[in-house]
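Chemist: sequence? don't have it. structure:
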């Protein structure tokens, strides 16, 4: 089911529930006629479509989910943004919008539950969505108001629910639907399935284990004590049930190919459909392909991907991958072809997907990126063998070659005849700001049918929320927290083996190439799991939650966040570390059950 929402659908539902400025409050516009309307089957179907569509703003959030970690930086600008530097406040618009988006999903789920007339499948879908909304809220905000009924009054009193209660309610609700016979066992078209329920259960239980049954000892060192294991036991159980013996067999490249959406490893995804979208296709998609990487200039002139120069790879990100690991080329676009005017999609950036292999072998090159393990002599040989492909001719872009190597970050500039004009060698902070295209963009969400415009929201690739290798690493983390490192390592190796990364016989075999400060301390199995999640799930909006959940956020930011050098920078004047996002100021202002005392520590 390709879920999209039409403006007329919004209008049809407006008489039932109109959201106001307060995330949980609705105006009392319900009446007998509206109730009768909503009980009609067509309206119930519309409510269901509306509920599915409400996931999209959550799936598209990157400010809260990626910034403020070890994996990303910005190109061009030297200014550290508020999320990278932990300077955001309760008034921040991104924080408020995310909070509201999660409650929109919850309210839509509650509405469907109120009017689905005992439809068991719809009830299960709505309970899954409600649980997903609370999972996302707890990971960013901790304790929040828990509402499990449809609000059709002007009520405005919703106290925060203890975090453990939210987790326990969510787990119980998901356990109640995990075997629902009306749900399919699997679904690769964006519908809730029994497998998706178990995947969410594994995620929720893992988060509950960390939040409820571990105690932070030292934030800067990332040390903690484990005080209980029951949640971790459930996380391991449900991760194993989700995996259900399925092995990771397809290549990493194939897994993320735009020709392979809805593949066997996908468990639950947010759906987009260009052909079926009823409105302006230039504004109805998502912007994930435009978010991670360098800016390449005017699309309509240069013919390259629209990219906003945010969330570019940090130096650590580039050194996470070892030679032979398929995930480097599977994550980053390392060859960008030059554009021939008038031949959009078959030349330029998207030629990678749309041109024949024979055509690409002869095509002019705009940018070529080499990983850190490449010897300079190999690059010299490549340039000599491909000199004719760097001639600008009638193409709009001069050719460039980049070596992504610490201490020897090099940028080859070609003249119009294809000769080397200069080789610019700098450190990474300067290098990434040398010119447009200094670092490779992420290609995981590339849409090869993208329109030639300087805008986001032209991407109609589906966004996976849960997929198989993610759950393998959930299992690894759960078993590690249970003290079973051999089983944890087996799950990690399953992910590494598929990518042709080095198989690890023990933690002692693990020697990543990124630079580690003395203050970072000794590498643990948890660091290995987090590194593996970084490689496997790069640009999938999981990183901030991964670091917060595992108590490593401060430790990793001090070592690898270019906006942070001490724990004090992540705290307020009282020394309270910003482990969570602030409850939006407007929520505290309009929810009569909340006061300033309910604000999260650090704000």
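Modeler: That came through fine. This structure is a prediction, so every number in the text was calculated from the model and none was measured.
Chemist: Helices of the stretch 351-500 of the chain, residue ranges please.
Modeler: Taking DSSP state H, counting those that start in this stretch as the criterion, the stretch 351-500 of the chain carries its helices at 351-354, 357-362, 376-385, 428-431, 468-481, 485-498.
Chemist: looking at the ones you listed, which is buried most?
Modeler: Mean neighbour count (mean count of other C-beta atoms under 10 Å) peaks for helix 468-481 among the helices of the stretch 351-500 of the chain, with a mean of 26. From N, CA and C alone the C-beta is placed, and that goes for glycine too.
Chemist: other SSEs contacting that one?
Modeler: helix 194-213, helix 230-243, strand 266-270, helix 485-498, helix 525-536 (3 or more C-beta pairs under 8 Å, 6 or more residues apart in numbering; DSSP states H and E).
Chemist: on that earlier part again, and the helices of the stretch 351-500 of the chain: which comes nearest residue 559?
Modeler: Of all those, the one in closest proximity to residue 559, counting by C-beta to C-beta, is helix 428-431 (15.1 Å).
Chemist: okay, the helices and strands packed on helix 468-481 in a markdown table with mean pLDDT next?
Modeler: Below are the helices and strands packed on helix 468-481 laid out as a markdown table (pLDDT from 0 to 100):
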| stretch | mean pLDDT |
| --- | --- |
| helix 194-213 | 98 |
| helix 230-243 | 98 |
| strand 266-270 | 98 |
| helix 485-498 | 98 |
| helix 525-536 | 98 |
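Chemist: Report the buried residues of stretch 76-96.
Modeler: Going by neighbour count (16 or more other C-beta atoms under 10 Å), the buried part of stretch 76-96 is 76, 80, 82-86, 88, 90, 92, 94-96.
Chemist: hey, where'd the strands end up in the stretch 151-300 of the chain?
Modeler: For the stretch 151-300 of the chain, the strands defined by DSSP state E, counting those that start in this stretch cover 214-218, 223-226, 266-270.
Chemist: Could you spell out the sheet neighbours of the shortest one, each with its direction?
Modeler: Each strand pairing with strand 223-226, determined using DSSP bridges, is listed with its direction: strand 214-218 (antiparallel).
Chemist: avg pLDDT for the partner strand?
Modeler: Taken as a whole, strand 214-218 carries a mean pLDDT of 98.
Chemist: Go through that strand and flag the buried ones.
Modeler: So, applying 16+ other C-beta under 10 Å, buried residues of strand 214-218: residue 214.
Chemist: Surely residue 323 is in contact with residue 372?
Modeler: No: counting by C-beta atoms under 8 Å, residue 323 does not reach residue 372; the two are 9.1 Å apart.
Chemist: And those two? Which one has more around it.
Modeler: The neighbour count for residue 323 versus residue 372, taken as other C-beta atoms under 10 Å, is higher for residue 372 (20 against 12).
Chemist: which residues does the more buried one contact?
Modeler: 318-319, 403-406, 513 (C-beta atoms under 8 Å, 6 or more residues apart in numbering).
Chemist: 7 Å instead, please
Modeler: 318-319, 404-406 (C-beta atoms under 7 Å, 6 or more residues apart in numbering).
Chemist: Over to residue 215?
Modeler: 224-225, 227.
Chemist: Give me the neighbour count for the nearest residue to residue 565 once chain neighbours are set aside.
Modeler: Excluding its sequence neighbours, the residue lying closest to residue 565 (C-beta to C-beta, 6 or more residues apart in numbering) is residue 558, at 6.5 Å. By other C-beta under 10 Å, the residues close to residue 558 number 22.
Chemist: what comes into contact with the helix or strand that contains residue 558?
Modeler: Element membership of residue 558, judged by DSSP states H and E, is helix 553-560. Contact with helix 553-560 is made by 68-70, 219-222, 314, 316, 517, 519-520, 547, 564-567, 570, 577, 579, as judged by C-beta under 7 Å, 6+ apart.
Chemist: and if you look at stretch 524-531?
Modeler: By C-beta under 7 Å, 6+ apart, stretch 524-531 touches 320, 473, 476-477, 480, 485, 488, 492, 507, 510, 512, 546, 550, 552.
Chemist: Next: stretch 493-504.
Modeler: 248, 252, 322, 324-327, 469, 472-473, 489, 510, 532, 536.
Chemist: can you give me the angle the helix holding residue 558 makes with strand 214-218?
Modeler: With axes from the mean of the first three to the mean of the last three C-alpha atoms, to 10 degrees defining the directions, helix 553-560 sits at 40 degrees from strand 214-218.
Chemist: tell me the most buried of the helices and strands packed on helix 468-481?
Modeler: It is helix 194-213: most buried of the helices and strands packed on helix 468-481 by mean count of other C-beta under 10 Å, with a mean of 24.
Chemist: now the spatially most central residue of the chain, nearest residue through space, not along the chain?
Modeler: For the chain, residue 541 is the residue whose C-alpha lies nearest the centre (C-alpha atoms, centre = their mean; 1.7 Å). The shortest distance from residue 541 to any non-neighbouring residue, by C-beta to C-beta, 6+ apart, is to residue 65 (3.8 Å).
Chemist: Surely the one you found touches residue 544?
Modeler: Yes: between residue 65 and residue 544 a contact is recorded at 5.3 Å, counting by C-beta atoms under 7 Å.
Chemist: What pLDDT is listed against residue 86?
Modeler: 97.
Chemist: which residues touch it?
Modeler: 68, 564, 569-570, 578.
Chemist: Now for residue 522, how many residues are close by?
Modeler: If we define neighbours as other C-beta under 10 Å, then residue 522 has 7 of them.
Chemist: Would you agree residue 438 is in contact with residue 428?
Modeler: No: at 9.5 Å, residue 438 and residue 428 do not qualify as touching, with contact defined as C-beta under 7 Å.
Chemist: ok, residue 196 touching residue 269?
Modeler: No: using C-beta under 7 Å, residue 196 is not in contact with residue 269; the gap is 9.4 Å.
Chemist: next one: stretch 513-525 to chain centre, how far?
Modeler: Distance of stretch 513-525 from the chain centroid (C-alpha atoms, centre = their mean, to the nearest Å) equals 25 Å.
Chemist: Can you give me the end-to-end span of that stretch?
Modeler: 16 Å (C-alpha to C-alpha, to the nearest Å).
Chemist: For it, buried residues please.
Modeler: 514, 520, 525.
Chemist: which of these lies closest to residue 235?
Modeler: residue 525 (15.9 Å).
Chemist: so where's the protein uncertain?
Modeler: The chain contains residues with pLDDT under 70 at 1-39, 434-435.
Chemist: Next up, the contacts around residue 401.
Modeler: 368, 379, 383, 412.
Chemist: now with 10 Å?
Modeler: 365, 367-370, 379, 382-383, 386, 390, 410-414, 420, 423 (C-beta atoms under 10 Å, 6 or more residues apart in numbering).
Chemist: can you check residue 403 too?
Modeler: So residue 403 contacts 368-372, 374-376, 378-379, 409-412, 423, 425, 431 (C-beta under 10 Å, 6+ apart).
Chemist: What's opposite it in the beta bridge?
Modeler: Going by DSSP bridges, residue 403 forms beta bridges with residue 370, residue 410.
Chemist: quick one: the strands in the stretch 501-603 of the chain?
Modeler: Using DSSP E, counting those that start in this stretch, strands in the stretch 501-603 of the chain do not occur.
Chemist: what's residue 391 in contact with, if anything?
Modeler: Shown in contact with residue 391 (C-beta under 10 Å, 6+ apart): 338, 364-365, 398-399, 414-419.
Chemist: List only buried entries from the contacts of residue 401.
Modeler: 365, 367-370, 379, 383, 390, 410-412, 414.
Chemist: Which two of those have the greatest separation?
Modeler: 365 and 410 (16.3 Å).
Chemist: Much appreciated, bye for now.
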